[in-house]
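Engineer: sequence and predicted model, in that order:
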Amino acid sequence: RRMLKRMKVNPENMYLSQRLTDRLSQMKNYPLTVIEAPMGYGKTMGVRSYLKKNMIAYVWQSAKDPSPDYFWRQFCRSFSQIDSEIAQELEAMGFPGDNVLACMAVHLMSTASIERNTLLVVDDYHIVFSEKLNRFFQTAARENIPKLHIVLIGRNQFDSCREELKLKGLLLTLTDSDFR
C-alpha cells in the first residue's frame, strides 16, 4: 500500500485572485463578516493567506466542539489576546444564552482597549452554530465596536437578521462565488 503524504500549504504562498483580495479587503469596513461556502472552497486558507500577506492584526479561533460553553471559553481565551481583563470578565459571566447576557457581553467587549483594527476570526462556525450565538454576533455587529471586526467562516449557517444587518451596513457576506 502506498500512503499519501498530506501536503502542508504555506498560506503566504497561496494565490488569491484580485477579485477575492478586493472582497477580503472590505472586512475591515464592517463589524461583522460572514464567509459561507461548502467544504473545499478554500475559505480558511484564503482568509489566512490574505491576513498574513497584508499583515493585518487578527485573532484566530477554530470551533472544534458544538458545546456553547466550550466555545465561549475558547472565545474568551481568544479575546484575551485583545484585552485580557475584559476576557476574564466575559468568561466569568458565562455563555451569553439570552438577549440580556448577549447585550452585557457586547457592552463589556466595547470597553476593551483595542489599539488597532483587529479581526476576530471564528473558523468552522457551522460546528458551533446556534440561534443564541447568532444573536450574540448580531448584537456585536449592531454595537459596531471600534477597531473590532468579527469574521465568521462556515458553511451557510448565519441567516439571522442578514438583510437588516446588510441594509444597515453592518454585515459583509462572502460566498462560494467569491472563492471561484
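Structural biologist: It's in.

Engineer: and the residue nearest the centre of the chain, what is it in contact with?
Structural biologist: Central residue of the chain (Cα atoms, centre = their mean): V151, 2.6 Å from the mean position. Going by Cβ atoms under 8 Å, 6 or more residues apart in numbering, V151 touches M27, L32, T33, V34, I35, V47, L119, L120, V121, V122. C-beta here means a position set from N, CA and C on the backbone, and glycine is covered the same way.

Engineer: farthest pair in the residues you listed?
Structural biologist: L32 and V47 (14.3 Å; Cβ to Cβ).

Engineer: between the contacts of V151, which sits nearest Q138?
Structural biologist: Using Cβ to Cβ, L32 comes nearest to Q138 of the contacts of V151, at 7.8 Å.

Engineer: flag the shaky bits of the chain, pLDDT-wise.
Structural biologist: Applying pLDDT under 70 to the chain picks out residues 1-13, 157, 160.

Engineer: tell me the strands in it, going along the chain?
Structural biologist: Assigned by DSSP state E, the strands in the chain fall at 32-36, 58-62, 118-123, 148-154, 171-174.

Engineer: reformat those strands as CSV; add distance to W72.
Structural biologist: Putting the strands of the chain into CSV (distance: least, Cβ to Cβ, whole Å) gives the following:
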stretch, distance to W72
strand 32-36, 18
strand 58-62, 11
strand 118-123, 12
strand 148-154, 14
strand 171-174, 22
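
Engineer: mean neighbour count, those: which tops it?
Structural biologist: Between the strands of the chain, the one whose residues have the most neighbours on average, counting mean count of other Cβ atoms under 10 Å, is strand 32-36 (a mean of 24).

Engineer: what's in contact with that one?
Structural biologist: 26-27, 43, 47, 137-138, 140-141, 149-158, 162, 165, 170-176.
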